[in-house]
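Novice: dropping a prediction and its sequence here:
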Amino acid sequence: MWGGRFKSATSPELKELNASIHIDKRMYKEDIVGSQAYAKSLEQIHLLTKVECAEICKGLEQVKLEWDNGKFVIKDDEDIHSANERRLKEIIGNAAHKLHVGRSRNDQVTTDMKLWLKKAIAEIENKLKTFINVMVNRARLDIDVLFPGYTHLQRAQPVRWSHWLLSHAWNFKSDTDKLQQVLKSTNVMPLGSGALAGNPFEIDRFTLAKNLGFDSMTPNSMQAVGDRDYIVEFLFWASLVGVHLTRLAEDLIIYSSKEFGFVKIHDSFSTGSSLMPQKRNPDSLELARGLGSGIFGQCCSFMMTLSSLPSTYNKDLQSDKELMFGAYDKLMGILEVVIGTVESVQINESRCVEALTFDMLATDLAYYLVRKSVPFREAHHIAGQVVAAAENRSVEMCDLTLEELKAISIHFDSDVARVWNYENSVEQYQSFGGTAKNSVLGQIHLLDAWLATSNEIPQ
């Protein structure tokens, strides 16, 4: 491609290091689609005849078919762009050499990447919605299960299992919304920017962008060929999804331990031990837990690659595709596993109920006093005294007599017995976003309505 300038061949070592065909061949469809659209743009300004344009487009279809069928033979090709162009020349002859006029691999590669990433975003979005749908269905199925909610990994207040599960579903819903911002950044066409200065042949970039399905086009050719912010945004977004997966995974790993016993991970998403026959290891969740740090590490690495990089295209950017593909593959793979894990997890309802203890109702006791016009800070102090009194006697708070409670505060009366009921405790949180049954059903309704906006989501 640059033989006219050089007197000696590229060293074998640099040639091997420089080649990216083993990675970017994954974008063969996008490269062909972009080339076909560009050929039509060249034909519109009479740099290709109608016959030549038709030959190029037909030839590229044959190239695509060879890739599709696994029959494409990679020869001495540096990247997907040169491979497709070389094969096109073999099929249609010299007309193939006219295709690259005004176009550089600098604007070609980032166009291919954006075309690929747009499709990947749609696939990931659908996978996330499938995951949320699974969580919503489990929340609906298990809505009557109560268990301890935790702060600082200490028992805090009774909540519905479904409320806990939906707390994670809302994280992933937020991730799905953020993905649209990544798509917006990606959906800007760089083709027509050339190597850095632009295209001198009056290519109709408006029509080209429309034909390739982009919402808009880059306004500055120098920025366009060096811009990889959309890759950084995708990597950061994937890292955030990874973080949310780690938090869900950690909860379920803890809940599945013998010490908790709230859930049992299905055999198909567990592994055993090569030494200890009794072991049931939640490897599916541990793999998910390890995902976030890996993708975030790649995000940081690529941001450092971009830091202080000179303007426009530099070969340092060649790692972008491997990172983009890697994040996509890891995320899709682990989402598939976690979807199956959550869908098949078995809840031990009796263990969940057994884990509820009356000291978790200390806040309810304070609220009981508030409803009798006691200022909250005073009510909080009184409830703390009740906790201390029960601990001193080594009994549950509910076992303290009314006389003992009245000795702490005159505001206690016989109706305090109503406090010692976990269902009552949960049902008092009727406000929007709370753990009462109606509130949780409201969350399910909201997520159902949101999911219904996509026809691809299983209902």
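Specialist: Done, it's in.
Novice: quick one: mean pLDDT for the strand or helix carrying residue 106?
Specialist: For residue 106, the host element (DSSP states H and E) is helix 105-141. The average pLDDT within helix 105-141 is 97.
Novice: what's around residue 263, how many residues?
Specialist: Residue 263 has 24 neighbours, counted by other Cβ atoms under 10 Å. Backbone N, C-alpha and C define where each C-beta goes, glycine included.
Novice: relative to residue 106, how far out is it?
Specialist: Using Cβ to Cβ, to the nearest Å, residue 263 is found at 52 Å from residue 106.
Novice: residues of the helix or strand where residue 343 lies that come out buried?
Specialist: Assigned by DSSP H and E, residue 343 belongs to helix 320-344. Judged by neighbour count using 16 or more other Cβ atoms under 10 Å, the buried positions of helix 320-344 are 320-328, 330-331, 334-335, 338-339, 341-344.
Novice: which elements pack onto it?
Specialist: Other elements packing on helix 320-344 under the criterion 3 or more Cβ pairs under 8 Å, 6 or more residues apart in numbering; DSSP states H and E are helix 21-24, helix 105-141, helix 229-255, helix 283-289, helix 291-306.
Novice: next one: that helix to chain centre, how far?
Specialist: When C-alpha coordinates are averaged (Cα atoms, centre = their mean, to the nearest Å), helix 320-344 and its chain have centres 8 Å apart.
Novice: what strands flank the following helix or strand past that helix, and is each parallel or antiparallel?
Specialist: Following the chain from helix 320-344 toward its C-terminal end, the next helix or strand by DSSP H and E is strand 346-347. Sheet pairing of strand 346-347 (DSSP bridges) gives strand 263-264 (antiparallel).
Novice: contacting residues around stretch 396-412?
Specialist: 357-359, 361-362, 365, 369, 372, 374, 382, 385-387, 389-390, 393, 413-414, 416-417, 419-420 (Cβ atoms under 8 Å, 6 or more residues apart in numbering).
Novice: figure out the length between the terminal residues of that stretch.
Specialist: 17 Å (Cα to Cα, to the nearest Å).
Novice: can you list the buried residues in that stretch?
Specialist: Those would be 397, 400, 405, 408-409, 411-412, for stretch 396-412 by 16+ other Cβ under 10 Å.
Novice: ok, which pair from those is furthest apart?
Specialist: Based on Cβ to Cβ, the longest span within the buried residues of stretch 396-412 runs between 397 and 411 and measures 15.5 Å.
Novice: circling back to that earlier point, select, out of the helices and strands packed on helix 320-344, the one closest to residue 442.
Specialist: Going by Cβ to Cβ, the one of those nearest residue 442 is helix 105-141, 11.6 Å.
Novice: tell me which residues in the helix or strand following the closest one are buried?
Specialist: Counting by DSSP H and E, the next helix or strand C-terminal to helix 105-141 is strand 146-151. Applying a neighbour-count criterion of 16+ other Cβ under 10 Å, one finds 146-149 buried in strand 146-151.
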